[in-house]
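Q: quick one, what's the 3D model for this:
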Amino acid sequence: MAGIAWQVLRQLVFSFIFFWPGWFVVKTITLGRYPRSIHPAKADWLDYELLSVIGVVAVIGALILVAYLWR
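A: Prediction:
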């Protein structure tokens, strides 16, 4: 039972928290054209996962940049 709770928590953290930095990066790079919709009925789960992966990469990149500049 704890394994299921851990999977749900991990999915929520990955899909919700890292979605917004990914959304911001894609909106900035495409000058506001994409992603056009974040409505669940219009978007596929792969769209959310892709934005979350981009968010993870952006957050890790920002942390590396801060660590490099802080030194």
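Q: please make it C-alpha for all contacts and neighbour counts, starting now.
A: Will do.
Q: residues contacting the spatially closest residue to residue 16 that is not a sequence neighbour?
A: In this structure, residue 16 finds its nearest non-sequential neighbour in residue 52, 7.7 Å apart by C-alpha to C-alpha, 6 or more residues apart in numbering. Neighbouring residues of residue 52 by C-alpha atoms under 8 Å, 6 or more residues apart in numbering: 14-23.
Q: from the residues you listed, keep the buried residues only.
A: Buried members of the contacts of residue 52, scored by 16 or more other C-alpha atoms under 10 Å, are 14-15, 18-23.
Q: and of these, the nearest to residue 65?
A: The nearest member of those to residue 65, counting by C-alpha to C-alpha, is residue 21 at 15.7 Å.
Q: check which helix or strand covers that closest one.
A: helix 19-29 (DSSP states H and E).
Q: and that helix, average pLDDT?
A: Mean pLDDT, helix 19-29: 92.
Q: over to stretch 62-69?
A: Here stretch 62-69 scores 96 as its mean pLDDT.
Q: in the helix or strand where residue 69 lies, what's buried?
A: Using DSSP H and E, residue 69 falls within helix 45-70. With burial defined by 16+ other C-alpha under 10 Å, the residues of helix 45-70 counted as buried are 48-49, 51-56, 58.
Q: out of those residues, show me where the pLDDT dips lowest.
A: Within these, pLDDT is lowest for residue 48, at 82.
Q: what sits against that one?
A: Going by C-alpha under 8 Å, 6+ apart, the list of residues near residue 48 reads 15, 19.
Q: and for the one 5 residues further on?
A: With contact set as C-alpha under 8 Å, 6+ apart, residue 53 has these partners: 18-19, 22.
Q: could I get the residues you listed as a markdown table with distance to residue 2?
A: Shown next, in a markdown table, are the contacts of residue 53 (distance: C-alpha to C-alpha, whole Å):
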| residue | distance to residue 2 |
| --- | --- |
| 18 | 23 |
| 19 | 25 |
| 22 | 29 |
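Q: returning to what we had before: quick check, nearest of the buried ones among the contacts of residue 52 to residue 35?
A: After measuring the buried ones among the contacts of residue 52 against residue 35 - C-alpha to C-alpha - the closest member comes out as residue 23, at 7.2 Å.
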